[in-house]
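Participant: Give the three-dimensional model of this entry:
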Amino acid sequence: MKRKHLIVVGGGAAGFFAAVNAAEMNSALQVTLLEKSGKLLAKVAVSGGGRCNVTHHCFEIEDMIRNYPRGARFLKKAFHHFFTPDTIQWFHQRGVPLKVEKDGRMFPVSNRSETIIDCLLKAANRLGVDIRLHSPVSRISVYRNETGISNEAQKRFTVYLSDTAFLEADYLCLACGGYPKLAQYNWLQELSLQIKPPVPSLFTFNIPGSGITELMGISVNAASIKVAGTKLRSEGPLLITHWGLSGPAVLRLSAWGAIELAQRQYQFTVLVNWTGALSEQQLQQSWPEWRNTFATRKIFQHQPFALPARLWHYLLQKSGIDDSQRWGDLLQKQQNALIQWLTASSFEVKGKTTFKEEFVTCGGIDLSEIDVNTMQSKNQPGLFFAGEMMDVDGITGGFNFQHAWTSGWIAAKSIANIADT
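Facilitator: Alright, predicted model coming up:
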């Protein structure tokens, strides 16, 4: 009997995981992986500063899905098939133990992304996966048997690499990644797929012309930030850069607000509370005590917030307070201005910047088209999806990779099982 053929489009984490697991689960399956570029697992290589943030140390599905701005309900079901413990075990069984850091991120013990890449490449080589680089897809045609008469010789999909070069497959798994690549795949339209418009997620805020950028490199461990006029807000470490604001608090805010901020064309006002949880009212209540405690001391040298000295100096300047002033000499007007700058520093954001390797996509294949238990298209038998090209995205911390492993594994298992029938 002629071997059934699976073509996986996309050589990233999800595509690779789908390819190697399908080949391992069904040795009779012929598996071909197509990668548009000349580089495999590119995001794996640079993730986590070159260490690869494989997953997140979270073993409760309800807790895990809170880290996905889009696709949480979908993943709530998907994670019952393949979850964090499965990821840890999968790599451990192949000689790659993982470790957990204080913030919950999990990395290979080697601290090298090459360890993950080598593991996947060795698996592909051992299982006979046919990897083809520089193989962009130009068109996909679907064979539809209108007569209802079985034709075992007819492959369901024809994948064109050029006008004359093509491959035929029984099963097709699309793992092409997200924005901006997703928008370039015109051949997706031929598959009649519903696509949520892709927009960027996990980006930093540009604040051109603001003096705050002169403090680049300074970070605050527990700040809060919100977009004025919206319900969008986030808390956590905040980093000042030479272009504006970054750090986990900003990245989380950009993820949850990806669609709304795109609609605003990345022009909006952010309000930063450098104290984190303290409100303007709370500071007004606490100020008399601080003023009495530090009455004879210079305000620059004594502060109750543990802010970096250069940032404290910046806030004092903005409030019209000289460094040499003493706490007891503060005018009410100066005090009110400082409290306002501490709890609601206002900055005009004009544009965004990709945050290193963390850039992901909001949007993609509409989840209503996908069977969560198989990752198969509900409308096109034999067509499967994995990874970021679906309308699922998470915040930073290993969540997007966990989705890649989960969706890739479910697709692989489904294809391996169907190929046996």
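Participant: Give me the neighbour count for the nearest residue to residue 104 once chain neighbours are set aside.
Facilitator: Distance criterion CB to CB, 6 or more residues apart in numbering; nearest residue to residue 104, sequence neighbours excluded, is residue 57 at 4.6 Å. Where you see a C-beta, it was placed from the backbone N, CA and C, and this is true even at glycine. Look at residue 57: counted by other CB atoms under 10 Å, it has 17 neighbours.
Participant: How about residue 13?
Facilitator: 31.
Participant: With residue 72 instead?
Facilitator: 15.
Participant: Hmm, residue 412 is touching residue 33, no?
Facilitator: No. Residue 412 is not in contact with residue 33 according to CB atoms under 8 Å; the separation is 12.0 Å.
Participant: Looking at the two, which has the bigger crowd around it?
Facilitator: Per other CB under 10 Å, whichever of residue 412 and residue 33 has more neighbours is residue 412, with 29 against 26.
Participant: Does that one lie in a helix or a strand, and which?
Facilitator: In this structure, residue 412 is located in helix 399-419 according to DSSP states H and E.
Participant: what packs against that helix?
Facilitator: helix 13-25, strand 55-56, helix 72-78, helix 84-93, strand 171-174, strand 383-385 (3 or more CB pairs under 8 Å, 6 or more residues apart in numbering; DSSP states H and E).
Participant: Tell me where the stretch 51-200 of the chain has helices.
Facilitator: Here the stretch 51-200 of the chain has its helices, by DSSP state H, counting those that start in this stretch, at 61-64, 72-78, 84-93, 113-127, 181-184.
Participant: So which other helices or strands are in contact with the second one?
Facilitator: Spelled out, it's helix 72-78. Counting by 3+ CB pairs under 8 Å, 6+ apart, helix 72-78 packs on helix 61-64, helix 399-419.
Participant: again, 10 Å this time
Facilitator: Counting contacts by 3 or more CB pairs under 10 Å, 6 or more residues apart in numbering; DSSP states H and E, helix 72-78 packs against helix 61-64, strand 370-371, helix 399-419.
Participant: What of the longest one?
Facilitator: Using 3+ CB pairs under 10 Å, 6+ apart as the contact test, the elements touching helix 113-127 are helix 13-25, strand 30-34, helix 42-50, helix 84-93, strand 105-108, strand 130-132.
Participant: export the fifth one as PDB, just CAs?
Facilitator: In other words, strand 105-108. Listed next in PDB are the C-alpha coordinates belonging to strand 105-108 (Å, rounded to 0.1, in the frame of the first residue of the first chain):
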ATOM      1  CA  ARG A 105       9.800  30.700  33.000                       C
ATOM      2  CA  MET A 106      11.300  27.400  32.100                       C
ATOM      3  CA  PHE A 107      14.500  26.900  30.100                       C
ATOM      4  CA  PRO A 108      16.700  24.000  29.200                       C
END
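Participant: Show residues contacting that strand.
Facilitator: 47-49, 51-58, 84, 87-88, 91, 96-101, 113-116, 119, 396-399, 401-402 (CB atoms under 10 Å, 6 or more residues apart in numbering).
Participant: change it to 8 Å
Facilitator: Contacting residues not belonging to strand 105-108 are listed as 48, 51-57, 88, 91, 96-101, 115-116, 397-398 [CB atoms under 8 Å, 6 or more residues apart in numbering].
Participant: The last one now?
Facilitator: With contact meaning CB under 8 Å, 6+ apart, strand 130-132 is reached by 11, 30, 31, 32, 33, 34, 35, 40, 124.
Participant: Sheet-wise, list the partners of it with their directions.
Facilitator: Taking DSSP bridges as the criterion, strand 130-132 forms sheet pairs with strand 30-34 (parallel).
Participant: Name the spans of the chain whose pLDDT lies under the cut-off.
Facilitator: Low-confidence regions of the chain, defined here as pLDDT under 70, cover residues 1, 144-154, 179-184, 355-359.
Participant: domain assignment for it?
Facilitator: If you go by automatic domain parsing, the domain ranges for the chain are 5-199+361-419, 202-276+347-354, 280-345.
Participant: Now do the end-to-end distance for the shortest one.
Facilitator: Which is domain 280-345. 12 Å (CA to CA, to the nearest Å).
Participant: repeat for the first one
Facilitator: Using CA to CA, the gap from the first to the last residue of domain 5-199+361-419 comes to 9 Å.
Participant: before we move on, the earlier item: among the helices and strands packed on helix 72-78, which is the most enclosed?
Facilitator: Compared across the helices and strands packed on helix 72-78, helix 399-419 shows the largest average neighbour count, a mean of 26 (mean count of other CB atoms under 10 Å).
Participant: the strands in the stretch 101-250 of the chain, which residues?
Facilitator: Along the stretch 101-250 of the chain, counting by DSSP state E, counting those that start in this stretch, strands occupy 105-108, 130-132, 139-142, 157-160, 166-169, 171-174, 195-201, 203-206, 219-227, 233-240, 244-246.
Participant: Point out the one among those that comes closest to residue 344.
Facilitator: strand 219-227 (8.9 Å; CB to CB).
Participant: And the contacts of the closest one?
Facilitator: 232-240, 245, 247, 249-250, 253, 257, 260-261, 268-277, 307-308, 311.
Participant: residues touching residue 79, list them.
Facilitator: Counted by CB under 8 Å, 6+ apart, residue 79 has contacts 61, 64, 65, 406.
Participant: now the end-to-end length of stretch 224-236.
Facilitator: 6 Å.
Participant: wait, stretch 241-259
Facilitator: 24 Å.
Participant: How about stretch 204-214?
Facilitator: Note: stretch 204-214 ends 17 Å apart using CA to CA.
Participant: Same question for stretch 243-254.
Facilitator: Using CA to CA, one end of stretch 243-254 lies 16 Å from the other.
Participant: Could you do stretch 232-245 as well?
Facilitator: Using CA to CA, the two ends of stretch 232-245 sit 16 Å apart.
Participant: what's the spacing between that stretch and its chain's center?
Facilitator: Relative to its parent chain, stretch 232-245 has a centroid offset of 17 Å by CA atoms, centre = their mean, to the nearest Å.
Participant: how about it: buried residues?
Facilitator: For stretch 232-245, burial by neighbour count (16 or more other CB atoms under 10 Å) applies to 232-241, 243-245.
Participant: No further questions, thank you.
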